[in-house]
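Provide a 3D model corresponding to the input given below.
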Amino acid sequence: MSPSEAPRRRGGAVLFEAGSKVRYGRRRRAGFSLIEALIVLLVAGMALMLVFSIGGQAARTGLQLGRRALTVADGEVSQDELRSLVAALVIPPAGADPAALKLDPFTGGPRGFEADAILARPGLCGPAGPTGRLRVAIDSQAGGDLVTCQARGQTSIVVADLRPRRVRFSYSADGADWRDAWSPPPAWASPHGALAAQSVLIRLSSDDGRIEWIDRATSGPPWLYPHAAATVARP
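From the prediction side, this is the model:
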């Protein structure tokens, strides 16, 4: 390079002169350019959006699972309470006269059932022990049905909240033939006029088929009623 072509520094630029030709060059500075910085910010923003989206979805999933767990727990508690009420029903054996035993016979319809009851444990419907006449009924609300229980002389208590579904009771002696109503058989209907165990299956079902609950109320063996033999009625 000739002395005339030696570069001369002007500010941050290097000026080269070679005859009539002039070339400019600039040294690269360290760091990010504006476009690179914008790209980094865009990628970081997208990553944050992805993280918050995953976190929000996880929170929503957790809330849904929590609500579902509470619903299942409430359903289990309601079923347990209903089973205890059915087990508490006092049904006289077939062939015995309920009036002679000072018992109200078991009767049922699509909106509920009732009979004398002895609660084995304290619950929503009262303390443990005899309750007298106990009625379990369906209370229809605008948004669905509730199942309530009412002991003699007491106010109705909600046992199960089944909203938004509509439900009904049905009854069967063998689990095959279901009826919307149940009434006690005549005392003289027992074969040979002897006492026999009496039982009735009680089913609670919803119109959409999502709910179906079945339990059995029974008198137990006849020997539980040593004084019932004298109450056998004849046709």
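
Quick one: list the elements packing against the strand or helix carrying residue 149.
Using DSSP states H and E, residue 149 sits within strand 144-151. In terms of contacts (3 or more C-beta pairs under 8 Å, 6 or more residues apart in numbering; DSSP states H and E), strand 144-151 is packed against helix 34-88, strand 129-141, strand 157-161. (Each C-beta comes from the backbone N, C-alpha and C, glycine too.)

how about 10 Å then?
On a contact count with 3 or more C-beta pairs under 10 Å, 6 or more residues apart in numbering; DSSP states H and E, strand 144-151 meets helix 34-88, strand 112-119, strand 129-141, strand 157-161, strand 167-172, strand 199-206.

list the buried ones in that strand?
Neighbour counts using 16 or more other C-beta atoms under 10 Å place 145, 146, 147, 148, 149, 150, 151 of strand 144-151 among the buried residues.

I figured the first one was touching residue 205, is that so?
Right, residue 145. No: contact criterion C-beta atoms under 10 Å: residue 145 and residue 205 do not qualify, at 11.4 Å.

Mutual contacts of the two, please.
Here residue 145 and residue 205 share the contacting residues 165, 167, 168, 211, scored by C-beta atoms under 10 Å, 6 or more residues apart in numbering.

Format the residues you listed as TSV; extra columns: neighbour count and pLDDT.
Below are these laid out as TSV (neighbours: other C-beta atoms under 10 Å; pLDDT from 0 to 100):
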residue	neighbour count	pLDDT
165	15	90
167	23	94
168	16	95
211	17	84
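
Ramachandran coordinates for residue 90?
Backbone dihedrals for residue 90, given as degrees, to the nearest 10, come out at phi -100, psi 110.

Once you drop chain neighbours, what's closest to it?
Spatially, and ignoring its direct neighbours in sequence, residue 90 is nearest to residue 116 (4.3 Å; C-beta to C-beta, 6 or more residues apart in numbering).

who's that neighbour bridged to?
residue 133 (DSSP bridges).

Residue 172 now?
residue 201.

Now do the contacts for it.
178, 179, 182, 200, 201, 202, 203, 214, 216.

Now list the buried members of the residues you listed.
So, of the contacts of residue 172, 182, 200, 201, 202 end up buried under the neighbour-count rule (16+ other C-beta under 10 Å).

Quick check: the farthest pair among these?
182 and 201 (9.6 Å; C-beta to C-beta).

what residues are shared contacts of these two?
With C-beta under 10 Å, 6+ apart, residue 182 and residue 201 have common neighbours 170, 171, 172, 173, 217.

Can I get those residues in JSON lines including distance to residue 126?
JSON lines is the format used below for the shared contacts of residue 182 and residue 201 (distance: C-beta to C-beta, whole Å):
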{"residue": "170", "distance to residue 126": "26"}
{"residue": "171", "distance to residue 126": "24"}
{"residue": "172", "distance to residue 126": "28"}
{"residue": "173", "distance to residue 126": "29"}
{"residue": "217", "distance to residue 126": "18"}
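
Show the buried residues in the residues you listed.
Of the shared contacts of residue 182 and residue 201, these count as buried by 16+ other C-beta under 10 Å: 170, 171, 172, 217.

Please report how far the second one lies from residue 159.
With distances taken as C-beta to C-beta, to the nearest Å, residue 171 is found 18 Å from residue 159.

Also the third one?
Spatial separation of residue 172 from residue 159 under the definition C-beta to C-beta is 22 Å.

quick one on the thing from earlier: tell me the one of the buried residues of strand 144-151 nearest residue 93?
Using C-beta to C-beta, the buried residues of strand 144-151 come closest to residue 93 at residue 151, 23.8 Å.

can you pull up the bridge partners for that closest one?
Under the criterion used (DSSP bridges), residue 151 bridges to residue 134.
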